[in-house]
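[1] have a look at this prediction, sequence included:
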Amino acid sequence: MVRAGDCGYGRTVPQDDQAGASVWRDIVPRRPTSEERVLLEALVDAVGDEELTGQARAVEVIGTCTCGCSSVRLRTSSPPLTGQALVRIPGSRRDHFAVAGVSSDSAGGDVDVAVHVVDGRLWELEVYAGSATPVDVGGLSRPIAIQITG
């Protein structure tokens, strides 16, 4: 599973970068690719919360990970999840929770995938097969073993 400190949310900066440097490279905002959308929807659907689903419908990709993996930074124009929604989502915390699963690439290797929700908003779609390892998102299977962790 995705571990805090690997990539994106809570990730430490690589040793050759300056302390405090962003892990994200800003890009011109764009809609998620169809492949990113499939992963995002599979993870968000597992939560079963209409507010989070609404955020996913309005999400944009605004950054890519500087380590070279296939993770993307997200932004949504939808309102943050309400306190009531966060109470309904098992395993969630007010400040952060992740919806994580495992996909397989075209060679049969495991790839960790997760959606991070920070302060009630979609924050990141993490696609992680190892530091600086790009993944062909289009070649991934639908995630399995999906869990919500706070």
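    Nice, I can see it.

[2] so how far is residue 147 from the nearest residue to residue 104 once chain neighbours are set aside?
    Counting by Cβ to Cβ, 6 or more residues apart in numbering, residue 104 lies nearest to residue 141, which is 4.5 Å off, once chain neighbours are set aside. From N, CA and C alone the C-beta is placed, and that goes for glycine too. Going from residue 141 to residue 147 by Cβ to Cβ, to the nearest Å gives 17 Å.

[3] so in terms of bridging, what pairs with the residue nearest the centre of the chain?
    Residue closest to the average C-alpha location in the chain (Cα atoms, centre = their mean): residue 125, at 2.1 Å. Here residue 125 sits in beta bridges with residue 72, residue 115, going by DSSP bridges.

[4] for the remainder of this discussion, apply numbering that starts at 62.
    Sounds good: first residue 62 from here, last item residue 186.

[5] look at the closest residue to residue 94 other than its chain neighbours and say how many residues are nearby.
    Nearest residue to residue 94 in three dimensions, chain neighbours excluded: residue 198, at 6.9 Å (Cβ to Cβ, 6+ apart). If you count neighbours by other Cβ atoms under 10 Å, residue 198 ends up with 22.

[6] same thing with residue 92?
    Count around residue 92 with other Cβ under 10 Å applied: 10.

[7] who are the neighbours in contact with it?
    When contacts are counted by Cβ atoms under 8 Å, 6 or more residues apart in numbering, residue 92 touches 121, 122.

[8] measure the closest residue to residue 189 other than its chain neighbours to residue 118 for me?
    Distances taken as Cβ to Cβ, 6+ apart put residue 173 closest to residue 189, at 4.5 Å, once the chain neighbours are dropped. Residue 173 is 24 Å from residue 118, where distance means Cβ to Cβ.

[9] who are the contact partners of the residue nearest to residue 94?
    94, 96, 97, 100, 131, 188.

[10] for residue 153, state which of the residues you listed is nearest.
    Nearest to residue 153 among these, counting by Cβ to Cβ, is residue 100 at 19.5 Å.

[11] now do the SS call for that closest one.
    With DSSP: H, G, I helix; E, B strand; the rest coil as the basis, the three-state label of residue 100 is helix.

[12] what's the neighbour count on it?
    By other Cβ under 10 Å, 26 other residues sit near residue 100.
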